[in-house]
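Chemist: fold the following and give me the result.
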Amino acid sequence: MPLILPKSIPAKDQLAKENVTVVDAVPAGTDVLEVAVLNIMPDKPVTETQLLRLLSISPLPVRTTWLRPADHVSKSTPQAYLDEHYQVHADVTDRHFDALIVTGAPVEEIAFEDVTYWNELRGIMEWARENVTSTMYICWGAQAALYHHYGIAKHHLGAKLFGNFPTRAVDAYAPLLAGFDEEFRVPHSRYTGTALEDLLNEPEIEVLAQSPETGFYVAGRRDGREFYVSGHPEYDHNTLGDQYERDVAKGLPMHVPPGYYPDEDPQKTPVRNWHAHGRLLYANWLQRYVLGRRATTR
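Modeler: As a prediction, this is how the structure comes out:
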């Protein structure tokens, strides 16, 4: 189904090259999925393209509303771009959305309470429980939600968890993972994590997929209202490679990301082997937990 996007958003041209159907508008009365995205990643146009690619799997046309923290000044995205394409939470507090995505952010080594927009994010997470059918929290966003709602602390991993790791479903029949291979790859890039045992001790949460190297990958509330994703199935073909080259150039202690380059050789072209499951993850979420729950609540 098409994505409904303004002509000026950069993702539009790239997605069109990938044969994703993009339109400016749909006929009046068309049933659409209203999806809000709180994008707190630095390079917002890149994250927009990555997430829109996955949302294009929707069984209904998708219209996105892009949100940003009101009290944070972006160093990577021009203010003019934010003014044109983004709103703040105060602009949408009276709206209901079918789905909300909260991205990660490169602030995982900062205490939650010291993040400049922490109080605003807490308010958004509370608002979402009343005004969003189902929410997907990604990476640091997942850590923040687990901490806010359940008091589950993040912990430092000692070194950056960085690579493309084999992952398995805990429950092969979980609806969110329907159609997944027995083992699949997931990119990760973070310095902090959530202890698996903390999630297993929370009765409201179910762990759906995990890995010995990364801990939990996907967990969710048992009622399907929230999902927490520790990895990045939305990453582009070159994202891990760009991060690796950037950190090497900075002289940081960086290892070759395992599972990304053939033979672990950074001179070889990576094979993208995580996108299919990423698309299926979002397709299952939209079909079964967003549309499915919307049908029962209307």
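Chemist: following the helix or strand that contains residue 164, which helix or strand shows up next?
Modeler: Per DSSP states H and E, residue 164 falls inside strand 154-169. The C-terminal neighbour of strand 154-169 among helices and strands, as given by DSSP H and E, is strand 183-194.
Chemist: gap between the very next helix or strand once past that next one and the chain center?
Modeler: Going down the chain from strand 183-194, the next helix or strand is helix 196-200, by DSSP H and E. Relative to its parent chain, helix 196-200 has a centroid offset of 21 Å by Cα atoms, centre = their mean, to the nearest Å.
Chemist: any buried residues in the strand holding residue 164, and which?
Modeler: By neighbour count on 16 or more other Cβ atoms under 10 Å, the buried set for strand 154-169 is 154, 160, 161, 162, 163, 164, 165, 167, 168, 169. From N, CA and C alone the C-beta is placed, and that goes for glycine too.
Chemist: before we move on, what about stretch 97-114?
Modeler: By 16+ other Cβ under 10 Å, the buried positions in stretch 97-114 come out as 97, 98, 99, 100, 101, 102, 103, 104, 105, 107, 108, 112.
Chemist: just the CA trace of the strand holding residue 164, in PDB.
Modeler: The C-alpha trace of strand 154-169 is given here as PDB (Å, rounded to 0.1, in the frame of the first residue of the first chain):
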ATOM      1  CA  LYS A 154      19.900  -0.200  31.600                       C
ATOM      2  CA  HIS A 155      23.400  -1.300  32.300                       C
ATOM      3  CA  HIS A 156      26.700  -0.500  30.500                       C
ATOM      4  CA  LEU A 157      28.100  -3.400  28.400                       C
ATOM      5  CA  GLY A 158      31.700  -2.500  29.000                       C
ATOM      6  CA  ALA A 159      32.400  -2.200  25.200                       C
ATOM      7  CA  LYS A 160      30.200  -1.300  22.300                       C
ATOM      8  CA  LEU A 161      27.900  -4.100  21.200                       C
ATOM      9  CA  PHE A 162      28.400  -3.700  17.400                       C
ATOM     10  CA  GLY A 163      27.600  -6.200  14.700                       C
ATOM     11  CA  ASN A 164      25.100  -8.300  12.900                       C
ATOM     12  CA  PHE A 165      24.100 -11.200  15.200                       C
ATOM     13  CA  PRO A 166      22.300 -14.500  14.800                       C
ATOM     14  CA  THR A 167      19.000 -14.400  16.700                       C
ATOM     15  CA  ARG A 168      16.200 -16.900  17.500                       C
ATOM     16  CA  ALA A 169      12.600 -16.700  18.400                       C
END
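Chemist: show me what that strand is packed up against.
Modeler: The contact analysis (3 or more Cβ pairs under 8 Å, 6 or more residues apart in numbering; DSSP states H and E) places strand 154-169 against strand 183-194, strand 205-211, helix 239-249.
Chemist: before we move on, back to that, relative to residue 202, which of the buried residues of strand 154-169 is nearest.
Modeler: Nearest to residue 202 out of those is residue 154 (Cβ to Cβ; 14.5 Å).
Chemist: quick one, what contacts that closest one?
Modeler: Contacts for residue 154 (Cβ atoms under 8 Å, 6 or more residues apart in numbering) come out as 108, 112, 143, 147, 192, 193, 194.
Chemist: narrow the buried residues of stretch 97-114 to those in strands?
Modeler: 97, 98, 99, 100, 101, 102 (DSSP state E).
Chemist: check those and tell me the two furthest apart.
Modeler: The largest separation in those, counting by Cβ to Cβ, is between 98 and 102 at 14.9 Å.
Chemist: now the strand holding residue 164 and strand 183-194, what's the angle there?
Modeler: Strand 154-169 and strand 183-194 are oriented at 170 degrees to each other (axes from the mean of the first three to the mean of the last three Cα atoms, to 10 degrees).
Chemist: residue 235 reaches residue 260, doesn't it?
Modeler: No - when contacts are counted by Cβ atoms under 8 Å, residue 235 is not listed as touching residue 260 (10.1 Å).
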